[in-house]
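1. please find the sequence and the predicted model below.
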Amino acid sequence: MKKRGRGVASMWYGIGNTGLPNPAAAFIEVLSDTSVNLMVGCADIGQGSTTAMAQIAAEELGLDYEDIHVTSADTMVTPEGGATSASRQTLISGNATKLAARQAKGTLAEVASGFLNVPEEDLIFRNREIYSCKDNSVRMTYKELMAEMKKHGRLAVGAGAYNPKTTYLDPQTMAGIPYEVYSYATTIAEVEVDTETGEVEVLKVVSAHDVGRSINDVMVEGQIEGGVVMGEGFAVFEKVEYSNGVIKNPIFSKYLIPTAMDAPDIYSVVVECEGECGAYGAKGVGEPALIPSIPAIAAAVEDAIGVHFTSLPITPTDVLRELDKQKER
Amino acid sequence: MEKIRVSFNLNNEDVTIETFPNKRVVDMLREDFGCTSVKEGCGEGECGACTVIRNGEPVTSCTMLAGQVAGDRIVTLEGLSKNGELDILQKTFMEAGAVQCGFCTPGMILSAKALLMKNPHPTREEIRRALSGNLCRCTGYTKIIKAVEMAIEE
Amino acid sequence: MSDRDFTVIGQSVIRKEALSKVLGEAKFAADYKFDGMLYGGVFRSTVPHAAIKRFDASKALALPGVACVLTAKDIPGKNKTGIIIKDEPCLVDDKVRRVGDAIALVAADTPERVHEALDLMEIEYDLLEPIFTIERALEEDSPKIHGTTNIHAKKHLECGDVDAAFAKCDVIVENTYSTQMLSHMFIEPDAGVATYKDKIITVYASTQNPHYDRSDVAGVLGLPSNRVRIVQVTTGGGFGGKLDISVQCHIALLAYHIGKPVKMVRSRTESTIVSAKRHPMTMRAKTGATKDGKIQAVEVFMTGDTGAYASYGPAVITRAVVHCMGPYEVPNVRVDAVFVYTNNPMSGAMRGFGVPQAAYCHEGQMNAIAKELKMDPIELRLLNAHRIGTTIATGQVLTDSVGFKETLLAAAAKAKEVM
C-alpha cells in the first residue's frame, strides 16, 4: 500500500561566521570607456556570487550588468574575501562591492556635479546616465562623464571592505551578538511511503525563503532547488558507512546521491523582507536552501505512517522495521 | 605494451591515433585531442560527467578503452556548436539557469542531446530517465529538466 | 532616488560564466597544463592511529621518471595546517591519526608513474589503540589523539531559569535525535596545479577558500604571504568540502622543491576519504510548552564526533548550539555540547555547519509539541515565531529583516495551491 503524508519544518540561519569578525573587500575601477573592472576576493563555486557582485556594482554605479567584468578569488589581484561559506558572500562581499562602487561613484559625482552644476546629493546614476533628481533634463551620459573625468585627470577607483556587526560570545554563557542578520525559511514536503518496500518517495516540496532581497531570482531558485534535493538525500538515503576508521562507500556506486529520477517537483517561494544591513537588503540563501527540507521530509513520513523517526537517514529498512513494530502492537 | 592504431570520427572529423590499447577514452579525448569538456568525476561510469555521444548513444568515456571506439562517431561538447552557433540546448541551459558549478554540464547537455536526437518530444518522465545517469549536486535537476523542455518547445 | 526602483538588482541575468560552461571551455583545475609539468601523488596511511616505525621510499626514488619524494622533514616552514586550529600536519611527523593521513609526496613524469612509485613505498607502523566512539574518547584512560584531552570543544549556553520553566509547562516532549555522517560528493574531485617561478608560488586550485589557502601554503613553505598566489579556478562544487586545504600545500611543496609545475588530481575515492565529512551528531532534547502553545523552555545536550582533526569543528559546534532551539521565542534555554576527537574520518564544514542537524532536532520537537497539543504545526510556529524585537537566547535583540512569519504564510499558501 502507498501512504501519503505532508510535513512542515522551518529554520533560521545566521549569515556569516559565528561571533567572529569575518570581513571581505573589493576593488573597483570605472574605465574611460565606461566598462568596469571589479576585483573581489569572493570565490564563486557555482552558486553565482560573481554574477551577484556584478549586479550589485552595476546597480550602485548606474551602469549595466554587461559593463562589469569581475575578477574573483585571485590572491595577487583581489583583496581578502574570506571563505565562500556560512552563506556569507552576498551579504559581506556584496556590501564590500557596494562600498567600493560607492567610493568610485563619489569621485564621479564630484566631476558630474561640476559639469551639470547640480549638487552631488541630487545626482542620480542610472541606465548609463547621470541626471538631477530635481530636473531630469539636466543630464549627461556616462561616456560624457568619463571624458570629463579624463579632462580633469580624475580616476574612478574605489575600495570597499565590510565586516558584519557581531560581538565575540561570552565563553561561559555564549551571550552576545553571533550574527548581524538571519535568513528564515519554511518548507512543506509531500511524500509517499510504500508500506511493502519501505521506500519513501518525495513527491512535492514547497520551500519559502526570506532572503532579504533577491539579487537574481533564477539563481536564488537554483539554490533552493539544489538544497531541497540535497536535503532529500540527507533525509532518506545518504550515509557514509565507516568502520575501524575506514570509509566503506567512498564512490558514487556505493554512496547514492539523488538523481533526476528522485528529484521532487519543487515550488520555490522567494520572500523579500529586506533590511538595512545587506547590499540592497540581501541576506543569504546557500545553506538555508538545504536545512528545512530535511525535517520537513521526516515530518511528512511521520504524517504518512505515524512514526516519529529520530535517526537519519530514514531508509526502507527503518520504515519496514517500524511498520512491523506497529503491527505487533 | 604495444601501441595500436585507432581511427574514428570525432566531432565530424575523421581522426587516427596511435595509442596504448588500455588507454581510457576519457584520457584519450582530454590529453590527445584536447577535448577537456569531457570531465572525470568518478572513473567508474556512475556520475556521467565524462559522457560523450557514441553513434547516437550517450556513453561514459571513463569505462571505455581506446580500441572500443574504432570506426565510431564520437561527439563531445566541443562538437555541438557549429560555426560559432550554439546548439539549442546550450542556449536553453544558459537561459533556464541550468548551469551552476558547470562540472556536470557537458555530460548533461550531451545526454539531453542524445535523447532529443532519438525522441524529439520526450515527456518529463522520459527526460528524467535519460538524465538519470548524470549526477548533479548543485541544481536539484529542476532547471536542467526545464532547459530540456524549453529546447523541445523551440 | 527610491531604493525600490532597481535597474539590475532582481533581474535574472544570465550568469557571467554560463557561456564558457555550456561550451565546455571553462577550465577546471584538472584542465590546466604547463610546459614541463609533472604529476604529484600522496602516500597515505591505511591505519587509523599509529607511530611510523620505518618509511622507505628508496625503490620509488630509483624508478626512472620519479623527480622526488618528500616527507615531513622536507617542509621548510611550519608543518601545521587547519582553518581554525592548526592541528593537522601537512605531512605526518609525530603520528598517524586517521586512515588517509598524508605521509609522503611524490612527483613523476606521468600519472601512471606516480601510482607505480606509491606502490613501491614501504612502511611499518607501531600501532596505537584507535578510538572510534565518543564514549571511549571521553574515558580518562583513553589514549589522547592531540595533547592531553580528546575533548575538542565544549559549549554551554544558558538563559532564563530552565528548571523553573519546565515545572510550569503543561506539556513536555523528550527525544534523542541522531544524524549520520555525510559526504559532500561535489562532482569535481579536488585538484590543483602549482608553479614556482620568479620566486612566486602560484597555486591554481579548486577551492572555496583561496585567502585561507594562501596563509597555509605560505606557512608550510615559510614564505611571506605576498610570494604565494592562489588562483581559484572554475570550481566544480564545494558545499563546504573544499574549505579545508586539499592539494594546495602538497603541490606547492613539490613545485617549490623541484622548480617545475606539479599537478595533482584526486581520484573520487581519495577525495572522499580525505576531505572533511558532515559531523555525525546526537541531540537529546527536552522541549516544554504551556497549553496555549507558547514554548517555555528548551534543553539540549549534544555530542559530535569531529574525527582526527578539528577542521571546522569549532564553527559547527558553536553554530549548532546557537541555533538548536529554532527560530522561536524561547525565554529559557540551556544547551550543553561536547565535540570530541576520534580516529574516525575528519568531520568539518558541510552546507549548514551543524544547523541541519540542529533543525532536525528542533523541528522534530516542534511537530511533537503540536501533536501533543493537537495544534496545527504552522499555527504553533506562528505563535512562537521570531519577530522584530525578539530577544534570542544569546541576548541579541532582533531589529532588522525578520521574515519568518512571512515564510510560514507563503509556504502554506503555496502548498494549498499545488498540493
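-> Yep, it's here.

2. quickly list the domain ranges of chain C.
-> Listed by automatic domain parsing, the domain ranges of chain C are C:29-127+C:185-274, C:135-183+C:277-418.

3. redo those as a markdown table? Include mean neighbour count, mean pLDDT and distance to chain A.
-> In short, each C-beta sits where N, CA and C put it, glycine included. Conversion of these to a markdown table gives the following (neighbours: other C-beta atoms under 10 Å in any protein chain shown; pLDDT from 0 to 100; distance: least, C-beta to the nearest C-beta, whole Å):
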| stretch | mean neighbour count | mean pLDDT | distance to chain A |
| --- | --- | --- | --- |
| domain C:29-127+C:185-274 | 21 | 98 | 3 |
| domain C:135-183+C:277-418 | 21 | 98 | 3 |
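
4. out of the ones you listed, nearest to A:Val301?
-> Across these, A:Val301 has its closest neighbour in domain C:135-183+C:277-418 (11.3 Å, C-beta to C-beta).

5. quick one: that closest one to chain centroid distance?
-> Put simply, domain C:135-183+C:277-418 sits 19 Å off its chain's centre (C-alpha atoms, centre = their mean, to the nearest Å).

6. ok so, going back, please identify which of the domains of chain C is closest to A:Ser243.
-> Proximity to A:Ser243, assessed across these by C-beta to C-beta, is greatest for domain C:135-183+C:277-418 (9.6 Å).

7. so the closest one, near chain B or not?
-> No: with C-beta under 8 Å from any C-beta of the partner chain as the criterion, chain B is not reached by domain C:135-183+C:277-418; the gap is at least 10.2 Å.

8. which residues of chain A fall in helices?
-> A:49-61, A:89-116, A:142-151, A:217-236, A:293-305, A:316-328 (DSSP state H).

9. in space, what's closest to A:Ala147 - neighbours in sequence excluded?
-> A:Ser32 (7.8 Å; C-beta to C-beta, 6 or more residues apart in numbering or on different chains).

10. B:Val38 and B:Leu29 touch, don't they?
-> Yes: B:Val38 is in contact with B:Leu29 according to C-beta atoms under 8 Å; the separation is 4.8 Å.

11. what sits in contact with each of those two?
-> Residues touching both B:Val38 and B:Leu29 (C-beta atoms under 8 Å, 6 or more residues apart in numbering or on different chains) are B:Val52, B:Ser61, B:Thr76.

12. can you show me the helices along chain C?
-> Going by DSSP H, chain C shows helices at C:18-22, C:58-62, C:111-120, C:134-138, C:162-167, C:210-221, C:248-258, C:268-274, C:313-323, C:355-373, C:377-384, C:404-418.

13. mind putting those helices in a markdown table, distance to A:Leu320 included?
-> As requested, the helices of chain C are exported to a markdown table (distance: least, C-beta to C-beta, whole Å):
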| stretch | distance to A:Leu320 |
| --- | --- |
| helix C:18-22 | 43 |
| helix C:58-62 | 51 |
| helix C:111-120 | 43 |
| helix C:134-138 | 29 |
| helix C:162-167 | 36 |
| helix C:210-221 | 45 |
| helix C:248-258 | 46 |
| helix C:268-274 | 29 |
| helix C:313-323 | 31 |
| helix C:355-373 | 21 |
| helix C:377-384 | 26 |
| helix C:404-418 | 29 |
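
14. which of the ones you listed sits closest to A:Glu148?
-> The closest of those to A:Glu148 is helix C:18-22. By C-beta to C-beta, the value is 34.2 Å.

15. that closest one close to chain A?
-> No: using C-beta under 8 Å from any C-beta, helix C:18-22 stays clear of chain A, coming no nearer than 8.6 Å.

16. show me what that helix is in contact with.
-> So helix C:18-22 is contacted by B:Leu77, B:Leu86, B:Gln90, B:Lys91, B:Phe93, B:Met94, B:Val99, B:Gly102, B:Thr105, B:Ile109, C:Ala26, C:Thr234 (C-beta under 8 Å, 6+ apart).

17. show me what the worst-scoring helix or strand of chain A on mean pLDDT is packed against.
-> For chain A, the helix or strand with the lowest mean confidence is helix A:316-328, at a mean of 95 (criterion: mean pLDDT, DSSP states H and E). Judged by 3 or more C-beta pairs under 8 Å, 6 or more residues apart in numbering or on different chains; DSSP states H and E, the packing partners of helix A:316-328 are helix A:293-305.

18. spatially nearest residue to the closest residue to chain B within the stretch 201-350 of chain C (excluding sequence neighbours)?
-> The stretch 201-350 of chain C approaches chain B most closely through C:Gly236 (3.1 Å), counting by C-beta to the nearest C-beta. Leaving aside its chain neighbours, C:Gly236 sits nearest to C:Glu188 (2.3 Å; criterion: C-beta to C-beta, 6+ apart).

19. was I right about the one you found contacting B:Cys47?
-> No: C:Glu188 lies out of contact with B:Cys47 (C-beta under 8 Å); the separation is 9.8 Å.

20. quick one: the most centrally placed residue in chain B from chain A, how far?
-> Nearest to the geometric centre of chain B sits B:Val52, at 3.2 Å (C-alpha atoms, centre = their mean). Distance, B:Val52 to chain A, using C-beta to the nearest C-beta, to the nearest Å: 18 Å.

21. and that residue, helix, strand or coil?
-> Under DSSP: H, G, I helix; E, B strand; the rest coil, the three-state class of B:Val52 is strand.

22. that one and B:Cys62 touch, don't they?
-> No: contact status for B:Val52 versus B:Cys62: not in contact, 10.1 Å apart, counting by C-beta under 8 Å.

23. common neighbours of those two, please.
-> B:Val25.

24. got the residues of the stretch 201-329 of chain A near chain B?
-> A:218-219, A:221-222, A:224-230, A:251-253, A:257-261, A:263, A:266.

25. show the buried residues in these.
-> Buried subset of these (neighbour count, 16 or more other C-beta atoms under 10 Å in any protein chain shown): A:218-219, A:221-222, A:224-230, A:251-252, A:257-260, A:263, A:266.

26. out of the shared contacts of B:Val38 and B:Leu29, which touch chain C?
-> Among the shared contacts of B:Val38 and B:Leu29, chain C is touched by B:Thr76 when using C-beta under 8 Å from any C-beta.

27. tell me how far the nearest residue to C:Leu38 once chain neighbours are set aside lies from chain B.
-> Distances taken as C-beta to C-beta, 6+ apart place C:Ala107 nearest to C:Leu38, at 4.5 Å, with adjacent residues excluded. Plainly put, C:Ala107 is 18 Å away from chain B if you go by C-beta to the nearest C-beta.

28. spit out the contact partners of C:Ala107.
-> Here C:Ala107 is in contact with C:Leu38, C:Tyr39, C:Gly40, C:Val66, C:Ala67, C:Cys68, C:Val114, C:Leu254, C:Ile258, C:Lys260, C:Val262 (criterion: C-beta under 8 Å, 6+ apart).

29. quickly note the distance from the third one to B:Gly56.
-> C:Gly40 sits 39 Å away from B:Gly56 when distances are taken as C-beta to C-beta, to the nearest Å.

30. on that earlier part again, right, and the pair among the contacts of helix C:18-22 with maximum separation?
-> Using C-beta to C-beta, the contacts of helix C:18-22 reach their maximum pairwise distance at B:Lys91 and C:Thr234, which is 20.4 Å.

31. coming back round to it: turn the helices of chain A into a markdown table, including distance to A:Val40.
-> Formatted as a markdown table, these follow (distance: least, C-beta to C-beta, whole Å):
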| stretch | distance to A:Val40 |
| --- | --- |
| helix A:49-61 | 5 |
| helix A:89-116 | 6 |
| helix A:142-151 | 21 |
| helix A:217-236 | 16 |
| helix A:293-305 | 30 |
| helix A:316-328 | 45 |
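
32. what strand or helix carries B:Pro120?
-> Counting by DSSP states H and E, no helix or strand carries B:Pro120.

33. number of nearby residues for it?
-> 9 (other C-beta atoms under 10 Å in any protein chain shown).

34. any idea how far apart the tips of stretch C:79-87 sit?
-> Length of stretch C:79-87, first residue to last, C-alpha to C-alpha, to the nearest Å: 9 Å.
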